[in-house]
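# no letters, just coordinates:
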């Protein structure tokens, strides 16, 4: 038995060294892969935050533009109502003129 061990001693040592090297390489590779994954995930999260921040700013600007447009629409709507009333009064005056009623002498 000792003689068999002596004959294969070189192979056994080489095999053990290879096994230990493989385990150490696998462990180091796993740590490296984990670290690289964390870096990539961090970069992705930063990119998402930047994109989200820009998107939020764009939405805020759009909302402000819409508020201003709504205010302007309200003002223009009031102006249109005033102009419609003026046109109505002018049409009545024109009709009175056509009927021979002097302006300002309405009953």
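In hand now; what should we look at? Note that the coordinates shown come from a computational prediction; the quantities given were computed from them, not determined experimentally. Numbers count the residues shown, from 1 in each chain.
# all helices of this structure, in order?
Ranges of helices in the chain, per DSSP state H, are 2-98.
# point to the residue nearest the middle of it.
Residue closest to the mean C-alpha point of the chain, counted by Cα atoms, centre = their mean, is residue 55 at 3.5 Å.
# OK, contacts around that residue?
Residues near residue 55 by Cβ atoms under 8 Å, 6 or more residues apart in numbering: none. No exception for glycine: its C-beta is placed from N, CA and C like everyone else's.
# and the gap between it and residue 6?
Distance of residue 55 to residue 6, given as Cβ to Cβ, to the nearest Å: 73 Å.
# do the same with residue 15
15 Å.
# residue 79 now?
Separation of residue 79 from residue 6 (Cβ to Cβ): 109 Å.
# same question for residue 102.
Counting by Cβ to Cβ, the separation of residue 102 from residue 6 is 139 Å.
# then residue 33?
41 Å.
# try residue 66
Taking Cβ to Cβ, one finds residue 66 at 89 Å from residue 6.
# residues in contact with residue 53?
For residue 53, the contact set (Cβ under 8 Å, 6+ apart) is empty.
# just the local confidence number for it, please.
In this model, residue 53 is scored at 91, pLDDT.
# can you give me the distance of it to residue 65?
19 Å.
# same question for residue 74.
15 Å.
# again, but for residue 37
Note on residue 37: its distance to residue 65, by Cβ to Cβ, is 42 Å.
# residue 28 too?
On the measure of Cβ to Cβ, residue 28 and residue 65 end up 56 Å apart.
# residue 8 and residue 18: what is the separation?
14 Å.
# my bad, residue 75
Separation of residue 75 from residue 18 (Cβ to Cβ) stands at 85 Å.
# same check, this time on residue 76
Taken as Cβ to Cβ, the span from residue 76 to residue 18 is 85 Å.
# also residue 58?
Residue 58 sits 59 Å away from residue 18, going by Cβ to Cβ.
# and if you look at residue 72?
Per Cβ to Cβ, residue 72 is found 80 Å from residue 18.
# likewise residue 70?
From residue 70 across to residue 18, the span is 76 Å (Cβ to Cβ).
# ditto for residue 82
Using Cβ to Cβ, residue 82 is found at 95 Å from residue 18.
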